[in-house]
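Participant: With the input below, show me the fold.
(4 chains)
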Number of protein chains: 2
Amino acid sequence: MMKALVNKKTTEQASETEISVNHQKLIDATIETIAKRGLADTTIAHVAKRAKVSQGYANFRFKSKDNLLISSLQYLSDEYKKSWQKIFEEKNIDPIDRIIRIVQNDFSSKIANRNKISVWIAFYSEVKFRPSYLTICQRQDEIYSQQMEKLVSEINNITSQKEFTPKEVSETYHSMVDGLWQRILFDPKIYTNEFCKNLVLKYFKSIYVNEDRFA
Amino acid sequence: MMKALVNKKTTEQASETEISVNHQKLIDATIETIAKRGLADTTIAHVAKRAKVSQGYANFRFKSKDNLLISSLQYLSDEYKKSWQKIFEEKNIDPIDRIIRIVQNDFSSKIANRNKISVWIAFYSEVKFRPSYLTICQRQDEIYSQQMEKLVSEINNITSQKEFTPKEVSETYHSMVDGLWQRILFDPKIYTNEFCKNLVLKYFKSIYVNEDRFA
DNA sequence: ATAAAAATTGAATGATTATTCAATACAAAA
DNA sequence: TTTTGTATTGAATAATCATTCAATTTTTAT
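Facilitator: From the prediction side, this is the model:
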């Protein structure tokens, strides 16, 4: 009896740390399904089929569809966070180069592609009605903004630019990125990643007039 | 027989031009329901109840739920368009004042409130999967962008600003608006309409350095 | 006032879909 | 091998919802 209890606990721990293959397969399949069919048309049956497990299992593994969706959003959020976190942290790189890398990342094909964007917007559209979605998105934004403001204030110090506060620049950039992502979804012919990236760099150019690297 | 035909035609014409009360009641109810419950949870039954007609009637009147949703998006789009169309057309007003009015309009409480925004984003999120949604949104954007570019080029002429093309300024502005609307939904405490408006005006200030009206 | 036509109802239908769970396959331990 | 526990299946269930339509109310024309 004692042994059984201990065993059970070990198993639980294992499944928490070493993320099971099926767990990840299902999350990937969920994101792919939302990208291909839209959130409204994403059923457990579709996801399970794509992940090549039974419908019953998908539900069993995540307790509920809701839970599967939340886990998928969390995964998407973590993936994005990882991509910018390390750029912000490279303290030995010039801050202007660092911000350029942030822009490059935000419009890299890995991040800003129509599939990923459509999934983000699908979740955004439900944020007002699902507190758990809101929490995940807000947490991400908060840290990003905070790091961005710090980076901008470093640049402001170097360039002795006084007209625009770090907060203003950070918020403007952030909203531009969100807006441009949306537009990539609408009209990818015009809004190529390159076009968007250059538009944002041009914005920085308007703030930091003497800095040629933004041109 | 002849008379009957004529009568019928008159009735049809009437119901097309003088939009029936129920028609508009249902569209309003649809927008309200999406705002309150989200698109995923918007059923004909909820809409009908809010519009105070029977569920069967709602479906009969619009042929299908799909059709009702498209009509609602079209209405929203038209309403927004009307609000900016007349500002662009006021040719006797100084272009800088005109662009300031455009900004004021885009962040007026009538346009940029959480209810309206959540409905917009709900439709945006389905744009990739519903060609009819895409068409409505694209048509709107195209005309807006076109007018905006024209306005910016007028301002560029006056200010002899050469660094930033009308297209660039217009696209940047447009994406900022979309991004900020999204952020109003996430965190209305920080992103008040006033805050957003000032952020955008500050952007224009960075382009048109000598123009005090943007400050 | 009456008949004919149109508008509106609401209950029934059928399709879709999340969730459950008994049955089966699989793996590990004895 | 046999036993025991876990992972996985897939068919059944129950709920939700768009759509239909026969019946009823309201409006219009005579």
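
Participant: what are the ranges of the helices in chain A?
Facilitator: Using DSSP state H, the helices of chain A run over residues A:2-17, A:21-37, A:44-51, A:55-62, A:65-89, A:95-106, A:114-124, A:131-159, A:166-186, A:193-207.

Participant: Does DNA strand C have contacts with the longest one?
Facilitator: No. Helix A:131-159 stays out of contact with DNA strand C when judged by Cβ under 7 Å from any atom of the strand, the minimum separation being 13.9 Å. C-beta here means a position set from N, CA and C on the backbone, and glycine is covered the same way.

Participant: Report the buried residues of that helix.
Facilitator: By neighbour count on 16 or more other Cβ atoms under 10 Å in any protein chain shown, the buried set for helix A:131-159 is A:133-134, A:136-137, A:140-141, A:144-145, A:147-149, A:151-156.

Participant: what sits against the residue nearest the centre of chain A?
Facilitator: Residue closest to the average C-alpha location in chain A (Cα atoms, centre = their mean): A:Y80, at 3.6 Å. Applying Cβ atoms under 8 Å, 6 or more residues apart in numbering or on different chains to A:Y80 gives the contacts A:I111, A:Q140.

Participant: Quick check: it vs chain B, distance?
Facilitator: A:Y80 sits 15 Å away from chain B, going by Cβ to the nearest Cβ, to the nearest Å.

Participant: what's the answer for A:Y133, then?
Facilitator: Distance from A:Y133 to chain B, counting by Cβ to the nearest Cβ: 10 Å.

Participant: Nearest spatial neighbour of that residue, chain-adjacent residues omitted?
Facilitator: Spatial nearest neighbour of A:Y133, excluding adjacent residues (Cβ to Cβ, 6 or more residues apart in numbering or on different chains): A:V127 at 4.9 Å.

Participant: go on, A:A58?
Facilitator: A:A48 (4.1 Å).

Participant: Check what pLDDT the one you found gets.
Facilitator: Predicted confidence (pLDDT) for A:A48: 98.

Participant: so it touches A:R61, yeah?
Facilitator: No. The pair A:A48 / A:R61 is not scored as a contact, 9.7 Å apart, by Cβ atoms under 8 Å.

Participant: These two: which has the busier surroundings?
Facilitator: When A:A48 and A:R61 are compared for neighbours, A:A48 comes out ahead with 22 against 18, by other Cβ atoms under 10 Å in any protein chain shown.

Participant: can you pull the contacts of the more buried one?
Facilitator: If you count contacts by Cβ under 8 Å, 6+ apart, A:A48 has them with A:L26, A:A29, A:S54, A:Q55, A:Y57, A:A58.

Participant: Next, the third one: phi, psi?
Facilitator: When read as degrees, to the nearest 10, the backbone of A:S54 gives phi -80, psi 160.

Participant: what about it, neighbour count?
Facilitator: So A:S54, with other Cβ under 10 Å, has 12 neighbours.

Participant: tell me the contacts of it?
Facilitator: By Cβ under 8 Å, 6+ apart, the contact set of A:S54 is A:A48.

Participant: next one: the fourth one
Facilitator: When contacts are counted by Cβ under 8 Å, 6+ apart, A:Q55 is found next to A:I44, A:A45, A:A48, A:K49.

Participant: State the distance from it to B:S64.
Facilitator: 28 Å (Cβ to Cβ, to the nearest Å).

Participant: Next: the third one.
Facilitator: Applying Cβ to Cβ, the value for A:S54 to B:S64 is 33 Å.

Participant: Check the second one too.
Facilitator: Applying Cβ to Cβ, the value for A:A29 to B:S64 is 30 Å.

Participant: before we move on, what about the last one?
Facilitator: The span separating A:A58 from B:S64 equals 30 Å under the rule Cβ to Cβ.

Participant: which of these two has more neighbours?
Facilitator: A:A58 (24 against 10).

Participant: Point me to the residue of chain A nearest DNA strand D.
Facilitator: A:G56 (2.0 Å; Cβ to the nearest atom of the strand).

Participant: That residue: how many residues sit nearby?
Facilitator: Per other Cβ under 10 Å, the neighbour tally for A:G56 reads 10.

Participant: Mind pulling up the pLDDT for it?
Facilitator: So A:G56 comes in at 97 (pLDDT).

Participant: in stretch A:120-131, what's buried?
Facilitator: Across stretch A:120-131, burial judged by 16+ other Cβ under 10 Å covers A:W120, A:I121, A:A122, A:F123, A:Y124, A:S125, A:E126, A:V127, A:K128, A:F129, A:R130.

Participant: Distance to DNA strand C for those residues - can I get that in TSV?
Facilitator: Output for these, formatted as TSV (distance: Cβ to the nearest atom of the strand, whole Å):
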residue	distance to DNA strand C
A:W120	20
A:I121	19
A:A122	14
A:F123	16
A:Y124	20
A:S125	17
A:E126	14
A:V127	19
A:K128	20
A:F129	16
A:R130	13
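
Participant: Select, from these, the two members most distant in space.
Facilitator: Spanning the widest gap among the buried residues of stretch A:120-131 are A:W120 and A:F129, at 16.4 Å by Cβ to Cβ.

Participant: domains in chain A, as residue ranges please.
Facilitator: Listed domain ranges for chain A are A:1-62, A:74-210 (source: automatic domain parsing).
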